[in-house]
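# Build me a model:
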Amino acid sequence: MTYQTILFDLTDGQATITLNRPEVRNALNARMRAELLDALRRASAEARVVVLTGAGRAFCSGQDLGDGASLGDIDLERILRDEYEPMLQAIVDCPVPVISAVNGAAAGAGANLALAADVVIAAETAVFLQAFTRIGLMPDAGGTWWLPRQVGFPRAMGAALFAEKVPARQAADWGLIWEAVPADAFADHWQARARHIAIGPTMAYRAIKTALRAAPGNDYTAQLGLEAQLQGQLGRTRDFREGVMAFLEKRAPGFEGR
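Purely as a prediction, here's the structure:
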């Protein structure tokens, strides 16, 4: 696929996907959703870490309300089922860690796109906004799933009902995201985070993602069993042997992702 609305770069095991419609604050239209899905599938097969970020001043302003049919003809259920669900599921199902590097405002579906990643790193100037009630809708794109699990029911309900901006520092304090970083250090910081994962023990990262994503649906016994299964697999990897040898020899490990 030739990309028109995103940028895709794959270098040294790191796939960087940049939403690239800065003139509309990277609003999601049908073309962008299709291209993002294609890029995520490509990155899943080729990369050791995936970064999702935005061009310009915003991360993503959510659904492009000027895209496609007139307001009276928009089939929101079809769009969510056919276009959003595969794109969001590709992030969750990606076998390697996905980082959202939130460079600016993340609103509506754009906020929940960011929250679908495994790690969210935001510039302190960024904000998160469940903007849906401003246009008579409810949170979608996974918002009603992520919010109560990450910040608890009271904050999730307040964010959804009042549609108020949550600054990045507050989002980090709530546990909605991993960290908020000063804007002048943001690009260097998320790139360093991505490099750390790209050269790390890829199979271990995959197992961590599998286990933590499965945990909400498992009871304690099932989760213990999953941990044992995954750890057994990791114990047979080259990276485990290299990690132990590096520890004993007091040197940095050279992980190969296998």
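# What ranges does the stretch 1-150 of the chain have for its helices?
Counting by DSSP state H, counting those that start in this stretch, the stretch 1-150 of the chain has helices at residues 30-46, 76-79, 85-93, 109-115, 143-151.
# Return the most buried member of these.
Ranked by mean neighbour count under mean count of other Cβ atoms under 10 Å, the helices of the stretch 1-150 of the chain are led by helix 109-115, which reaches a mean of 28. Quick note: C-beta positions are derived from backbone N, CA and C, even for glycine.
# which stretch among the helices of the stretch 1-150 of the chain comes nearest residue 17?
For residue 17, the closest of those is helix 30-46, at 4.9 Å, according to Cβ to Cβ.
# now that closest one and helix 85-93, what's the angle there?
Helix 30-46 and helix 85-93 are oriented at 30 degrees to each other (axes from the mean of the first three to the mean of the last three Cα atoms, to 10 degrees).
# Please name every helix or strand in contact with helix 30-46.
For helix 30-46, the elements it packs on are strand 6-11, strand 14-19, strand 49-54, helix 85-93, judged by 3 or more Cβ pairs under 8 Å, 6 or more residues apart in numbering; DSSP states H and E.
# Can you tell me how far residue 235 is from residue 200?
17 Å (Cβ to Cβ, to the nearest Å).
# Look at the two and report which has more neighbours.
Using other Cβ atoms under 10 Å as the criterion, residue 235 and residue 200 rank with residue 200 on top: 18 against 9.
# pretty sure that one is touching residue 252, no?
No - using Cβ atoms under 8 Å, residue 200 is not in contact with residue 252; the gap is 11.3 Å.
# one step back: kindly state which of the helices of the stretch 1-150 of the chain is positioned closest to residue 23.
Comparing these under Cβ to Cβ, the one sitting nearest is helix 30-46, at 12.7 Å.
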